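In: please work out how this folds:
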Amino acid sequence: MMSDTITRLELDGKEIILIGTAHVSKQSAEEVKEIIDLEKPDTVCVELDEQRYQSIKDGNKWREMDIFKVIKEKKATLLLMNLVMSSFQKRMAKQFGIKPGQEMIQGIESAKEHGAELVLADRNIQITFSRIWGNMGLMGKAQIMTMIFGSIFSKETITEEELEKMKEQDMLNSMLKEFTESFPELKKPLIDERDQYLAQKIKTAPGKKIVAVLGAAHVPGIKEEIKKDHNLTTLTKRPPKSKAPKVIAWMIPLLILGIIGYTFYSNPSAGLQQTISWILWNGSFSAIGAAIAYGHPLTILTAFLVAPLSSLNPLMAAGWFAGIVQAFVRRPSVSDFEALADDVHSAKGFWNNKVTRILLIVVLTNVGSTLGTFIGGADVVRLFIQNL
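Out: Take a look at the predicted model:
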């Protein structure tokens with residue numbers, strides 16, 4: 001069998017067969033099985049890392065999640081982003097009656113059936129996220145978050161034929177071109193670097209005949225990168241954290257406290273007015289964020305009370321306190337964790353599920369507190385200038 005989605009390469013005495021797939025396509029999963037049955041390779045490489053492989057193996061992992069631990073370890077935003085980014089793919093998968101990543105599952109099962117070695121060929125997803133986030137500016141981060149969160153409100157459906165067209169090479173190259181133009185910071189860590197990592201893992205896989213199950217977007221790049229040698233250690237380094245955000249995070253509260261302190265010394269009534277303004281702007285925006293996430297009244301009150309203080313201490317965040325209070329008063333049940341995979345299909349599910357609601361409260365409360373800090377800080381400066 002031969003189709004446009006199959007690429008055959010000869011490299012250093014090895015035969016390498018790349019299968020370009022769409023991650024929610026029945027035909028892709030069937031094609032993976034047919035190719036492996038026909039070729040009987042020594043090794044099957046799949047576009048998974050250890051974390052995603054374990055997630056596939058343990059479908060009940062959500063039940064074991066400790067929501068308090070997620071908040072305390074500052075992983076609420078990362079977990080929420082993971083859930084949001086998977087929601088569109090899961091909706092399409094549900095539309096076609098197939099599990100997301102079924103072609104990867106099929107690759108794993110077929111490798112086991114034929115006694116082929118299994119190679120997890122993709123880079124750790126957290127490293128990829130880290131390199132994406134570290135290479136983006138503030139506006140880029142805002143854009144990508146808006147796009148990602150907008151996807152959960154999308155009701156878009158596509159036909160199976162349109163899905164299969166996504167695997168055509170000409171269309172793929174066109175899509176990547178548009179992707180690069182819209183978010184140039186994302187293409188390197190999300191596509192180019194992973195092409196290099198996948199190519200190196202595939203070419204160094206054991207055996208003479210290797211089948212690689214890949215998202216179709218990676219095939220054109222891998223065909224080029226597999227001819228070169230790539231340093232996996234370099235590709236898995238996390239970007240160094242810039243000191244600038246930490247410096248700014250401490251400078252702003254010190255500046256605000258200095259201005260309020262000086263104003264109190266020279267004009268106590270104006271200093272009191274500044275303090276009230278700071279509390280109201282910070283507390284109100286933070287509370288609004290918690291309310292938008294449908295937080296419990298105690299959660300909203302916590303957000304209001306904590307934000308003016310946490311905004312003056314970069315080691316604290318109002319969202320953490322609001323999230324912990326919400327977790328206490330509306331503790332998620334086993335059924336919430338069991339329903340998580342289905343609830344992320346829709347915006348309503350995100351807000352109704354107690355687990356994702358807590359994550360939304362953490363994130364939106366922090367966003368509100370940040371807005372309140374800038375607006376409240378500007379008002380403090382305005383009152384300071386008026387009273388000079």
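In: outline the domain layout of the protein.
Out: 6-235, 244-386 (automatic domain parsing).
In: what number of residues lie near P253?
Out: 16 (other CB atoms under 10 Å). From N, CA and C alone the C-beta is placed, and that goes for glycine too.
In: so it is in which element?
Out: For P253, the element it lies in under DSSP states H and E is helix 244-266.
In: what residues are up against the closest residue to S266 other than its chain neighbours?
Out: What sits nearest to S266 in space, not counting adjacent residues and going by CB to CB, 6 or more residues apart in numbering, is N387, at 7.4 Å. Contacts for N387 (CB atoms under 8 Å, 6 or more residues apart in numbering) come out as T263, S266, N267, A270.
In: try 7 Å this time
Out: Contact analysis of N387 by CB atoms under 7 Å, 6 or more residues apart in numbering lists T263, N267, A270.
In: what's the distance between it and L280?
Out: 18 Å (CB to CB, to the nearest Å).
In: would JSON lines of the domains of the chain with mean pLDDT be doable?
Out: Output for the domains of the chain, formatted as JSON lines (pLDDT from 0 to 100):
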{"stretch": "domain 6-235", "mean pLDDT": "76"}
{"stretch": "domain 244-386", "mean pLDDT": "88"}
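In: so which of these is the most surrounded?
Out: Using mean count of other CB atoms under 10 Å, the stretch among the domains of the chain with the greatest mean number of neighbours is domain 244-386 (a mean of 19).
In: quick one: terminal-to-terminal distance for it?
Out: Using CA to CA, to the nearest Å, one end of domain 244-386 lies 30 Å from the other.
In: tell me what the top helix by length along the chain is packed against?
Out: As assigned by DSSP state H, the longest helix anywhere in the chain is helix 354-386. In terms of contacts (3 or more CB pairs under 7 Å, 6 or more residues apart in numbering; DSSP states H and E), helix 354-386 is packed against helix 67-72, helix 76-95, helix 244-266, helix 268-292, helix 297-310, helix 318-329, helix 334-343, helix 347-352.
In: can you list phi and psi of the residue nearest to S266 for me?
Out: Dihedral angles of N387 (phi, psi; degrees, to the nearest 10) stand at phi -100, psi 10.
In: same thing with D229?
Out: Dihedral angles (degrees, to the nearest 10) for D229: phi -100, psi 140.
In: in what helix or strand does the residue nearest to it when sequence neighbours are not counted lie?
Out: Nearest in space to D229, with sequence neighbours left out and distances taken as CB to CB, 6+ apart, is Q200 at 7.2 Å. Q200 is part of helix 193-203, with elements assigned from DSSP H and E.
In: wait, a strand at V213?
Out: Yes: assigned with DSSP: H, G, I helix; E, B strand; the rest coil, V213 falls within a strand.
In: look up how far K112 lies from it.
Out: Taking CB to CB, one finds V213 at 14 Å from K112.
In: are we agreed that V44 is in a strand?
Out: Yes: when three-state DSSP is applied, V44 is found to be in a strand.
In: for it, give the beta-bridge partners.
Out: Counting by DSSP bridges, V44 forms beta bridges with L118, V211.
In: so it touches L120, yeah?
Out: No: between V44 and L120 there is no contact, the gap being 10.4 Å when judged by CB atoms under 7 Å.
In: what ranges does the stretch 1-150 of the chain have for its strands?
Out: Remark: strands assigned in the stretch 1-150 of the chain by DSSP state E, counting those that start in this stretch are 6-11, 14-21, 43-46, 117-120.
In: mind exporting the first one as PDB, just the C-alpha atoms?
Out: Presented in PDB, the C-alpha positions along strand 6-11 are these (Å, rounded to 0.1, in the frame of the first residue of the first chain):
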ATOM      1  CA  ILE A   6       3.800   7.800   3.400                       C
ATOM      2  CA  THR A   7       7.400   8.900   3.000                       C
ATOM      3  CA  ARG A   8      10.200   6.400   2.400                       C
ATOM      4  CA  LEU A   9      13.800   7.300   3.100                       C
ATOM      5  CA  GLU A  10      17.100   5.400   2.900                       C
ATOM      6  CA  LEU A  11      19.700   6.500   5.400                       C
END
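In: that one pairs with which strands, and in what direction?
Out: By DSSP bridges, strand 6-11 pairs with strand 14-21 (antiparallel).
In: picking up where we left off before, distance to I252 for the strands of the stretch 1-150 of the chain - can I get that in JSON lines?
Out: Below are these laid out as JSON lines (distance: least, CB to CB, whole Å):
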{"stretch": "strand 6-11", "distance to I252": "52"}
{"stretch": "strand 14-21", "distance to I252": "48"}
{"stretch": "strand 43-46", "distance to I252": "46"}
{"stretch": "strand 117-120", "distance to I252": "43"}
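In: follow-up on the earlier one: the residue nearest to D229 contacts L232, doesn't it?
Out: Yes: contact criterion CB under 7 Å: Q200 and L232 qualify, at 5.9 Å.
In: what is in contact with those two at once?
Out: In contact with both Q200 and L232: no residue, using CB under 7 Å, 6+ apart.
In: returning to that earlier point: please state the offset of the helix holding Q200 from the chain centre?
Out: 21 Å (CA atoms, centre = their mean, to the nearest Å).
In: tell me what angle that helix forms with strand 14-21.
Out: 140 degrees (axes from the mean of the first three to the mean of the last three CA atoms, to 10 degrees).
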